[in-house]
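J.: no FASTA, just this:
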């Protein structure tokens, strides 16, 4: 009898452990006149169906938000440091990361593996409407073409049937699901996304203030100023375009963001060009943002998740490890450029990249570079102003960890 009571108590304790309390998003800090998303509803962990719980990465469906009045299911991959090593679940708690793919992408198993190997419980979900390696996907949401992202709004489509509404809601639900897992440390969750996933990171990181750190790669706000995305937006009537910008451009929400942000991009990205990118990161308070502009960075999923600066940034925010280097005050005189910097590790190299090309599209802009003198005693960077002057410029640093950082764009 005593043994039966003991087993019953253990079962009850395990049941309570599985019903872990999930933090609720504080929507009161998001001071917009109309908030499309129901943050309290999205703060609840969705129902799930495990498809595969073998191997080092699990696959699942979770219940998404309704689309065209019908229920949806979202495909996702999940792993953590125990699973990636083939171990049974331990009592160890891990930080968490939510991974948002870009256009033409899907839930990437390899991306989840990478972050689980880095020590994180990681979840990546599919925003394409049909994961091509899932045999049964009976309740998909919208697909990720221009029709669902932009053009349907012109036909009077409900805002909640637009791709952005659906993707943001389902990303937040993935975070709520992650937070419900007993092995995830609820005060140490992070977010990163690539390209359109970077755009979503700007949105989700601004709306879901349970995240501690967010890293949009490439993606930014001010879509009506993008070399590429202003084209489908221009197909909308002025009133509808204004409506899209109000509800779906990250500029509407980023002033209310609470996580620490690291902005990662190249200087020649095809989709996210200098001017709107510069305006985007300035929506986040200076003390809350860090920069990593990587010269000539290519555009893609693999190159987008490759920078190890993302992990160093997360670790600094959630575990107070050594931060990335940071370029501070920049002073330009007639013949010289100087900047102060902070770095926990000695700098190995510093360069100044600049361009006077104001006529080319961002991806075709011609850039030059100069070596920068590093004064490690005064923590000062120095280089002569190029004889031909410059329209756009930035400092790029690497320390002895081989971790890079940059200044923000200098725009004259």
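T.: Okay, I see it. Because the structure is predicted, anything quoted here is derived from the model rather than measured. Residues are numbered from 1 along each chain as shown.

J.: which residues does the residue nearest to residue 142 when sequence neighbours are not counted contact?
T.: Using CB to CB, 6 or more residues apart in numbering and skipping residues adjacent in sequence, the residue nearest residue 142 is residue 148, 4.0 Å away. Bear in mind the C-beta positions are built from the backbone N, C-alpha and C, glycine included. With contact set as CB atoms under 8 Å, 6 or more residues apart in numbering, residue 148 has these partners: 129, 142, 162, 163.

J.: can we see that at 7 Å?
T.: 142, 162, 163 (CB atoms under 7 Å, 6 or more residues apart in numbering).

J.: how near is residue 342 to residue 322?
T.: 11 Å (CB to CB, to the nearest Å).

J.: now do residue 364
T.: 37 Å.

J.: what number of residues lie near residue 282?
T.: 13 (other CB atoms under 10 Å).

J.: Backbone dihedrals for it, both of them.
T.: phi -80, psi -10 (degrees, to the nearest 10).

J.: begin at 732 from here
T.: OK, 732 is where the count begins now, so the last one is residue 1013.

J.: out of everything not next to it in sequence, what's closest to it?
T.: Per CB to CB, 6+ apart, closest to residue 1013 is residue 1139, 7.9 Å.

J.: next one: residue 894
T.: residue 879 (4.2 Å).

J.: OK, contacts around the residue nearest to residue 1013?
T.: Each residue near residue 1139 by CB under 7 Å, 6+ apart is listed here: 1009, 1012, 1022, 1125.

J.: Which one of those residues is nearest to residue 805?
T.: Residue 805 lies nearest to residue 1012 out of these, by CB to CB, at 29.4 Å.

J.: and the closest residue to that closest one other than its chain neighbours, bridged to which residues?
T.: Leaving aside its chain neighbours, residue 1012 sits nearest to residue 994 (4.7 Å; criterion: CB to CB, 6+ apart). When bridges are called by DSSP bridges, residue 994 pairs up with residue 1022.

J.: okay, now the domains of the chain?
T.: 754-1052, 1058-1142 (automatic domain parsing).

J.: Find the nearest non-adjacent residue to the residue nearest the centre of the chain, please.
T.: Central residue of the chain (CA atoms, centre = their mean): residue 923, 2.9 Å from the mean position. Using CB to CB, 6+ apart and skipping residues adjacent in sequence, the residue nearest residue 923 is residue 946, 4.2 Å away.

J.: Please identify which helix or strand holds the one you found.
T.: Secondary structure from DSSP states H and E places residue 946 in strand 944-948.

J.: Point out the other elements, helices or strands, that that strand touches.
T.: Other elements packing on strand 944-948 under the criterion 3 or more CB pairs under 7 Å, 6 or more residues apart in numbering; DSSP states H and E are strand 915-925, helix 927-938, strand 991-997, helix 1040-1050.

J.: Give me the distance from the shortest one to the chain's centre.
T.: Pointing back at strand 991-997 there. 8 Å (CA atoms, centre = their mean, to the nearest Å).

J.: Give me the average confidence score over it.
T.: Averaging pLDDT along strand 991-997 yields 98.
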